[in-house]
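A.B. asks: Give me coordinates for this.
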Amino acid sequence: MKKTFKTGGLVISDAIGFFYPPFRKYMTLQFFQYGVIGSANLVFDWVLYFIIYTFVLQHKVLDLGFITVSSHIATLGVKFPIVLLSGFLLQKYVTFSYSDLRGRVQLFRYMVVFMINLIINYVGLKIFVDGFHVYPTLSNMIVSVFTVIVSYFSQKRYTFKASKPPVAKI
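C.D. replies: Model (predicted):
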C-alpha cells in the first residue's frame, strides 16, 4: 500500500511539476505543489461540506439523543476524518515527500495541526453562521482561507520538518 501511495505521489508530483516553469521565478516548487494540492483538497472539502450539509443532513439539526448539534457544525464533524486523511496523504506523498520523519510522527503532528484548524473552523463557523447569519457553505469557504495560511507554515516547519532542505526536481 505504501508503495502505491509513493508511486501515486510521484505521478501527481510530476503532473504538477509540468505546470511549474512559468511560476519558477515567483515561488519554490514546494510552495507551488502545496498550493495545487492544498487547493484541490480545499475544493474537495468545500464540495464535501456542501453535499453533507445540503443532501445528507438537509439543513436539519442532528439529534444524537444525548446531544443536539446544529447542521453546520455536524457537517464539520462528518467531513473532518475524510478531509484529514486525504490532506495528509497528499501532503506526505506529494508536497513534503522529502521529510525524514517517520510516518506515524508525521500523522500525529498533522493531526495536531488539523485539530488547531478544526478549532479555528468551529469558532469561525459559529461567528459567521450564528453571529453574522452568513450561509454555512460560504462561511466555511471564508474561514478556510485563514486555515490554509496557518496550515502551510505549520506543515512545513512542524509536521513534515526535515533535517535537510528539499532539492528541486525540476
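A.B. asks: Below-threshold pLDDT in the protein: ranges please.
C.D. replies: 164-170 (pLDDT under 70).
A.B. asks: Contact partners for the residue positioned nearest the centre of it?
C.D. replies: Residue closest to the mean C-alpha point of the chain, counted by Cα atoms, centre = their mean, is G87 at 4.6 Å. Applying Cβ atoms under 8 Å, 6 or more residues apart in numbering to G87 gives the contacts 38, 41, 110, 114. Heads up, the C-betas are built off the backbone N, CA and C, glycines and all.
A.B. asks: what would those look like in JSON lines with distance to F31 and neighbour count?
C.D. replies: Listed next are the contacts of G87 as JSON lines, based on distance: Cβ to Cβ, whole Å; neighbours: other Cβ atoms under 10 Å:
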{"residue": "G38", "distance to F31": "10", "neighbour count": "21"}
{"residue": "N41", "distance to F31": "15", "neighbour count": "19"}
{"residue": "Y110", "distance to F31": "18", "neighbour count": "24"}
{"residue": "F114", "distance to F31": "20", "neighbour count": "23"}
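A.B. asks: would you turn those residues into CSV with secondary structure?
C.D. replies: As requested, those are exported to CSV (DSSP: H, G, I helix; E, B strand; the rest coil):
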residue, secondary structure
G38, helix
N41, helix
Y110, helix
F114, helix
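A.B. asks: Looking at these, which is nearest K6?
C.D. replies: Distances from K6 to these, taken as Cβ to Cβ, are shortest for Y110 (17.2 Å).
A.B. asks: Tell me how far the closest one lies from F96.
C.D. replies: Counting by Cβ to Cβ, to the nearest Å, the separation of Y110 from F96 is 10 Å.
A.B. asks: between the two, what contacts are shared?
C.D. replies: By Cβ under 8 Å, 6+ apart, Y110 and F96 have these common neighbours: 155, 159.
A.B. asks: Tell me the secondary structure at the residue in the chain sticking out farthest from the centre.
C.D. replies: Each residue of the chain has a distance to the centre, and by Cα atoms, centre = their mean the biggest one is for G65: 30.8 Å. What three-state DSSP gives for G65 is coil.
A.B. asks: For this structure, which segments count as strands?
C.D. replies: 62-63, 68-69 (DSSP state E).
A.B. asks: List the neighbouring strands of the last one plus their orientation.
C.D. replies: Think strand 68-69. When pairs are called by DSSP bridges, strand 68-69 turns out to pair with strand 62-63 (antiparallel).
A.B. asks: Give me the residues contacting the partner strand.
C.D. replies: 68-71, 74.
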